[in-house]
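Chemist: Provided below for reference: sequence and predicted model.
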Amino acid sequence: MSDIIATVSDFVCGYPLFILLIGGGLFLFIYSGFVPLRKFGASIKALGHKSDGEGQISSLQALMTTISSTVGMGNIAGVAIAICMGGPGAIFWMWVSALLGMATKFFEGTLAIMYRGRDENGNVKGGPMYMMTEGVSPKLRPLAVFFAFFGMIGCFCVMQANQLTESITTVLTEPMGIATTLPVKLIIGVVMASLVAVVVVGGIDRISKLATKIVPFMVSVYFLLVLIVIVLYIDRLPGVFSQIVSSAFDFKAGFGAVAGIAIIGARRAMYVNEAGVGTASLMHGASKNSDPVREGLVAMLGPAIDSGLVCTLTAIPIIMAGNYEVEGVKGLAIALNSYEALLPGWGKYMLMVVVTFFAFSTMFSYSIYGIKCASYLFGDKNGQMYKYLYLAVILLSCVASLSTVVSIMDFAFAMMAFATMSTILYLSPRVKALLRTRQ
């Protein structure tokens with residue numbers, strides 16, 4: 001069964017998804033008049049603007065919550081997987097995806113405010129479902145349902161639970177002589193699900209406030225950790241970037257090999273920054289912001305931080321250590337071994353602390369996305385039941401294989417991306433027209 005899932009996922013998430021996200025992102029980047037480059041300073045200023053509209057959270061809280069979901073295992077395990085599968089060159093294509101993703105998220109964040117709906121209680125709601133039904137046509141509800149269904153699956157946060165379990169067993173239990181058995185993984189899963197439950201039951205308000213505090217802290221700690229590695233191995237730093245660029249365009253292996261590396265980088269970047277997937281608009285649609293363009297500028301900062309800054313911070317030590325050429329799909333173990341090789345005796349423990357923060361912040365935020373999708377399908381009251389299913393899946397994910405987990409996530413995200421990105425491209429002229437009024 002796992003082989004079938006992997007085969008289907010590879011087919012769907014290969015060239016079709018690559019063309020849609022990269023091609024669509026490139027179109028939006030040019031069509032917007034290179035907004036990510038021209039308006040980067042304005043996007044930072046937009047963070048300080050006071051809330052002046054309907055919604056549940058501020059623009060800053062929306063951004064921090066989306067970053068807390070994207071800055072997670074994808075930034076560590078996902079980057080390690082990309083380097084393992086495609087070599088250092090995959091990072092270059094993650095950078096390209098980050099730049100194009102900024103353009104995509106500008107349109108996505110803008111549309112999230114332009115087209116919002118209300119639930120049965122009269123509360124303002126945003127997301128791809130409302131872009132489709134309010135922005136395009138009510139007849140597009142089947143596509144909105146399609147997105148919401150796969151949104152519930154894609155937001156189960158299985159990779160975070162799986163890779164955090166791998167981190168704990170690799171760094172703590174195995175060195176203590178405790179075998180990594182099913183009961184051990186289940187115990188880890190129970191503890192993990194219990195900790196997530198404490199925050200998740202508080203809803204969007206509690207999670208957004210926590211994200212606003214924890215995101216700057218955990219990114220700063222990670223930056224300092226990587227800075228220590230850079231200072232100690234400064235002589236290897238030029239070689240890191242040289243490998244990234246040269247491997248990205250190594251045509252000696254043929255054009256197909258280069259295209260394969262680009263697809264690997266793009267797929268991992270999709271999982272990291274989620275531009276065009278639709279999760280960001282679920283959060284930005286809840287912002288107390290009456291100006292769609294301003295919200296789009298705020299949303300644009302997400303890929304710059306997660307796919308640009310944080311993924312680069314992860315790649316540097318892994319490439320420096322050079323232990324990424326292994327058999328099979330390896331994720332967090334590669335990163336942990338890299339830090340242990342560069343910082344013997346304590347490197348892997350420091351990374352595990354960072355990993356724990358990253359994983360839990362993502363698990364907190366993803367619950368909001370899943371609940372929003374479930375609420376759209378089953379109503380707000382019934383949709384709240386999703387959180388209990390969400391916690392149960394965290395427990396199950398601790399015992400699943402990594403290859404199966406990656407395939408499920410890729411497939412679900414691909415289905416979400418096909419629905420969301422096609423809607424964004426269709427509605428992009430309206431964003432362009434609104435942007436012209438702000439020039």
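Modeler: Perfect, I can see it now. Keep in mind that what you see is a predicted model, and the values were worked out from it rather than measured. Residues are numbered from 1 along each chain as shown.
Chemist: whichever strand or helix holds Leu227 packs against which elements?
Modeler: Here Leu227, judged by DSSP states H and E, is contained in helix 203-232. Judged by 3 or more Cβ pairs under 8 Å, 6 or more residues apart in numbering; DSSP states H and E, the packing partners of helix 203-232 are helix 59-70, helix 182-200, helix 311-321, helix 332-342, helix 347-378. Using the backbone N, CA and C atoms, a C-beta is placed for each residue, glycine as well.
Chemist: so for the helix or strand just after the last one, mean pLDDT?
Modeler: Counting by DSSP H and E, the next helix or strand C-terminal to helix 347-378 is helix 380-383. Averaging pLDDT along helix 380-383 yields 82.
Chemist: mind pulling up the pLDDT for Ile234?
Modeler: 91.
Chemist: gap between it and Val240?
Modeler: Distance, Ile234 to Val240, using Cβ to Cβ, to the nearest Å: 11 Å.
Chemist: now the helices and strands packed on helix 203-232 as TSV including mean neighbour count?
Modeler: What follows is the helices and strands packed on helix 203-232, written out as TSV (neighbours: other Cβ atoms under 10 Å):
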stretch	mean neighbour count
helix 59-70	28
helix 182-200	17
helix 311-321	24
helix 332-342	23
helix 347-378	23
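Chemist: and the helices in the stretch 1-150 of the chain?
Modeler: 2-12, 15-18, 24-31, 35-38, 40-46, 59-70, 73, 79-86, 89-114, 128-130, 141-154 (DSSP state H, counting those that start in this stretch).
Chemist: for the helix or strand following the last one, packing partners?
Modeler: Looking back up the chat, that one is helix 141-154. Next helix or strand after helix 141-154 toward the C-terminus (DSSP H and E): helix 158-168. Helices and strands touching helix 158-168, by 3+ Cβ pairs under 8 Å, 6+ apart, are helix 73, helix 182-200, helix 332-342, helix 347-378, helix 386-397, helix 402-436.
Chemist: picking up where we left off before, of Ile234 and Val240, who's got more company?
Modeler: Using other Cβ atoms under 10 Å as the criterion, Ile234 and Val240 rank with Val240 on top: 20 against 9.
Chemist: what helix or strand is the more buried one on?
Modeler: Counting by DSSP H and E, Val240 is part of helix 237-248.
Chemist: what angle sits between that helix and helix 311-321?
Modeler: Taking axes from the mean of the first three to the mean of the last three Cα atoms, to 10 degrees, one finds helix 237-248 and helix 311-321 inclined to each other by 100 degrees.
Chemist: what is helix 237-248 packed up against?
Modeler: helix 89-114, helix 255-273, helix 311-321.
Chemist: which of those has the lowest mean pLDDT?
Modeler: The weakest mean pLDDT among the helices and strands packed on helix 237-248 belongs to helix 255-273, with a mean of 58.
Chemist: ok so, going back, the helices and strands packed on helix 203-232: which one's closest to Pro292?
Modeler: helix 59-70 (11.3 Å; Cβ to Cβ).
Chemist: and the closest one with helix 89-114, angle?
Modeler: Going by the same axes, to 10 degrees, helix 59-70 makes 140 degrees with helix 89-114.
Chemist: packing partners of helix 59-70?
Modeler: helix 203-232, helix 279-284, helix 292-299, helix 301-303, helix 347-378.
Chemist: who wins for proximity to Ala414 among the ones you listed?
Modeler: Comparing these against Ala414 with Cβ to Cβ, the closest turns out to be helix 279-284 (13.4 Å).
Chemist: just the mean pLDDT for the closest one, thanks.
Modeler: Per-residue pLDDT over helix 279-284 has a mean of 87.
Chemist: just the residues contacting it, thanks.
Modeler: Residues from elsewhere that reach helix 279-284, judged by Cβ atoms under 8 Å, 6 or more residues apart in numbering: 57, 59, 62-63, 65-66, 69, 105, 108-109, 111-113, 126-128, 131, 151, 154-155, 274, 295, 298-299, 302, 365-366, 368-369, 372-373, 416, 420.
Chemist: could I have that helix exported to PDB, CA atoms only?
Modeler: Written as PDB, here are the backbone C-alpha positions of helix 279-284 (Å, rounded to 0.1, in the frame of the first residue of the first chain):
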ATOM      1  CA  THR A 279      -3.300  27.600   4.200                       C
ATOM      2  CA  ALA A 280      -2.000  31.200   4.500                       C
ATOM      3  CA  SER A 281      -5.300  32.600   3.200                       C
ATOM      4  CA  LEU A 282      -7.200  30.600   5.900                       C
ATOM      5  CA  MET A 283      -5.300  32.600   8.500                       C
ATOM      6  CA  HIS A 284      -5.000  36.000   6.700                       C
END
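Chemist: quick one: contacts for the residue nearest to Tyr386 when sequence neighbours are not counted?
Modeler: In space, and not counting its chain neighbours, Tyr386 is closest to Ala374: 3.7 Å by Cβ to Cβ, 6 or more residues apart in numbering. Each residue near Ala374 by Cβ under 8 Å, 6+ apart is listed here: 148, 152, 382-386.
Chemist: let's see 10 Å
Modeler: Shown in contact with Ala374 (Cβ atoms under 10 Å, 6 or more residues apart in numbering): 148-149, 151-152, 155, 380, 382-387, 389-390.
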